[in-house]
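S.K.: Make a model of this:
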Amino acid sequence: LNTPLSMNDIYEMQGDTLLVWEDPFMSQHLALSFQSAAGCIAMMDTIKAIQQGQVDTDDDDDDDVYLPEPEITSLGSLHETLSKISTLPLHMRRHFASRIAQNCFLDKLFDIFDQCEDLDDVDSLHKLFRILITIILFNDVHLLLLLFENKFLLKLMGVLEFDPVFKRRLNHRQYLERGVEFQEVIPLKPDVKETIHETFRLQYFKDTVVTRYLDDATLGTLNGLVMERQTKIITDLCSDDDFLDKVVQRLSDGEVEEKASVLRLMQEMHTLAKSLMPQGKAEFLAKLCSKGIFRLVGELIMSTSPEVRRLAVDIVSQSCQQEPGVLRGYIVDEESKGRSVLILYNVVLRLVSDSQDSERVEMVEILKQLLETGQKATTQMPERAVVTDPEEMSRLLEIFYDQCMPLAIKQLLREPDAGVSQYFHLLDFLSFCVTQHMDCMKKTHHSAQFNWEGGGFSCFLVLHGAFGIIRRKIPESNRHDGDDALTKQIVKANAFKVLIDIFLRNIEKYNLLYSTVLAIFEVIKRENIRLLIGYVAECLRDNLQPAMHLESVRTVLDAWERMPDTYKQTVLESLPPDLRASGPSPPQAGDPEPQANTEAASDSEVVTAADGIDREAAGSPVTPVSLVAYGEEDDAETRANKRRKVAADDQMQAEAAT
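M.R.: Here you go, the predicted structure:
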């Protein structure tokens, strides 16, 4: 820990071994933990003694270091002395820093700068530059603040214009005085404006003027000073109700350019709010919500002006990254009062509209941040001050799935005109919804307002995307093909036929669509999805003839051939009759029984019997015979042996039924 000792009474003990305080230099709460109570008490006694002036903090080595008075002739020796001081321990450096801050040392130093600049004494100006850099690297907060007072600021920037690294003089003073213009979109209080100016100068100094010379400790100190002022700015603005009322007025009634200016101001405020603690961020966003600013920002997401639209989206995105719980609560609370907030609706509307790919990425991230339930985190979850309770989250999901999800689904149910690339982000978001809100997505799937069969390729994409994710998330022990409504929906809609037709048109291109279809066949085989295996083998075999050379296709068809007879019968009963085109259908009730003499059948003949009629209840001795394929691969036994085995099984079951 490297922080100055404050002379204010800010230190206190908690328990026996903990020393805590709110550090004014680092703008945060700090604590020291000791191994024993005696060590903590000794440290506390030492701090009190130093604050009361009872301890001499000077070091005996101070007497060996003499700090020359600033003169043009002594600049070289002054730089050497300061360089020697910079190697001393921290407390000794701060002792010399306090000497420099006193006795008009800086006044004399900057008077020399004025003389050297008038005389164009470049060598002396370079020495002054090195002296000031060494003083800055003492990393003393009080000395840094003194240098940034209005009295010394421009002269400090003048000295630092003469960097020996550059052959020409820099123009820091000219930039600060005339190169930047402060735009006051809404009138601010004088003290707020002064803090803004001071913060800008500090940032410019840190990031531009001396960035190549700063060490980590000094950089940390300067960052702390900047963050302290940013916190003050955002706190003062949020406490100014008159300022916020004018923001609301400009966003509601202003012209397009005026709205864009106010949104840029709000964007800058959100950037400053990043320096706040989580609780401070939540209070900042809650204040904006209470003024109705987010209601207006949500409406501006659909503005006709690209600039206004971009700024509104960025503000919502930053808010979701900082404290999404505040926006969730605001949306739910406003809906309960009958006042709709269009943030979610307009974000989805922008997602399904003809927007740029980068815009769609941002829309999806906003939706994920707001609708994240924690069931499976898709983003890194930072510390949050506002945690959404389950009841509030449930209400938010109800609002979203009632008002917003139909926009996304209806977009997918349209046949795309130019491939599926523009639907990538929408499908990615639907996959997130299935993972996070499985029950809500199931209700959406069964909703009567969507005609799933009329969507062609897009219909297949949404069904298969949801289906594949659900199968990966549901434990194997809880998965049953008979209960898989999404699998049945794919078969009922004959969605694979559309997919395979497009696949065959792209079979020589080896593009992303080609790879995706092969991956789908691999999933069907690996997961042993019997209904889809039977659907592909019985209904789409003829369509797949041009792709039989592909192993992924052959493995699915081979899986059907190896499937046990009882499973095949169940699958065949589940297939719609109008789809069983490439193989004979099981006979229905009242059809003639199959002939016993089938020896003339060829090696590739398929023998079927009646499907799922309850023969036992009807008192019939005939038992359904499952689909059996005879082919050249049957080396273990002949067809006759198979028929005798089937007949013996039928006889045994008939006797048992009798």
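S.K.: what kind of secondary structure is Gln321 in?
M.R.: helix (DSSP: H, G, I helix; E, B strand; the rest coil).
S.K.: again, but for Lys287
M.R.: What three-state DSSP gives for Lys287 is helix.
S.K.: Just list the residues touching it, thanks.
M.R.: Neighbouring residues of Lys287 by CB atoms under 8 Å, 6 or more residues apart in numbering: Cys238, Leu244. Placement of C-beta: from N, CA and C, glycine included.
S.K.: And it, how close does it get to Asp333?
M.R.: Distance of Lys287 to Asp333, given as CB to CB, to the nearest Å: 15 Å.
S.K.: go on, Val180?
M.R.: 41 Å.
S.K.: what's the answer for Gln249, then?
M.R.: Distance from Gln249 to Asp333, by CB to CB: 23 Å.
S.K.: cool, and Val536?
M.R.: Taking CB to CB, one finds Val536 at 50 Å from Asp333.
S.K.: neighbour count winner among these two?
M.R.: Using other CB atoms under 10 Å as the criterion, Val536 and Asp333 rank with Val536 on top: 24 against 14.
S.K.: To which secondary structure element type does that one belong?
M.R.: helix.
S.K.: wait, Leu265 sits on Val185?
M.R.: Yes - between Leu265 and Val185 there is a contact under CB atoms under 8 Å: 4.9 Å.
S.K.: Find the residues that touch each one of these two.
M.R.: Joint contacts of Leu265 and Val185 (CB under 8 Å, 6+ apart) do not exist.
S.K.: ok, Asp253 to Thr516 distance?
M.R.: Distance from Asp253 to Thr516, by CB to CB: 50 Å.
S.K.: who has more neighbours, those two?
M.R.: Between Asp253 and Thr516, Thr516 has the larger neighbour count (other CB under 10 Å), namely 14 against 9.
S.K.: Check the offset of the strand or helix carrying the more buried one from the chain's centre.
M.R.: Here Thr516, judged by DSSP states H and E, is contained in helix 512-526. Distance, stretch centre to chain centre, for helix 512-526: 28 Å (CA atoms, centre = their mean, to the nearest Å).
S.K.: Just the buried positions in it, please.
M.R.: Residues of helix 512-526 classed as buried: Leu513, Tyr514, Val517, Leu518, Ile520, Phe521, Val523, Ile524, Lys525 (neighbour count, 16 or more other CB atoms under 10 Å).
S.K.: and if you look at stretch 327-346?
M.R.: Within stretch 327-346, the residues scored as buried using 16+ other CB under 10 Å are 327-332, 334-335, 341-346.
S.K.: Contacts for that stretch next, please.
M.R.: For stretch 327-346, the surrounding residues in contact (CB under 8 Å, 6+ apart) are 285, 289, 294-295, 297-299, 301-302, 316, 319-320, 367, 370, 386, 388, 392-393, 395-396, 399-400, 403-404, 407.
S.K.: tell me the mean pLDDT over it?
M.R.: In this model, stretch 327-346 carries a mean pLDDT of 90.
S.K.: How far away from the center of its chain is that stretch?
M.R.: So, by CA atoms, centre = their mean, the centroid of stretch 327-346 is 22 Å from its chain's centroid.
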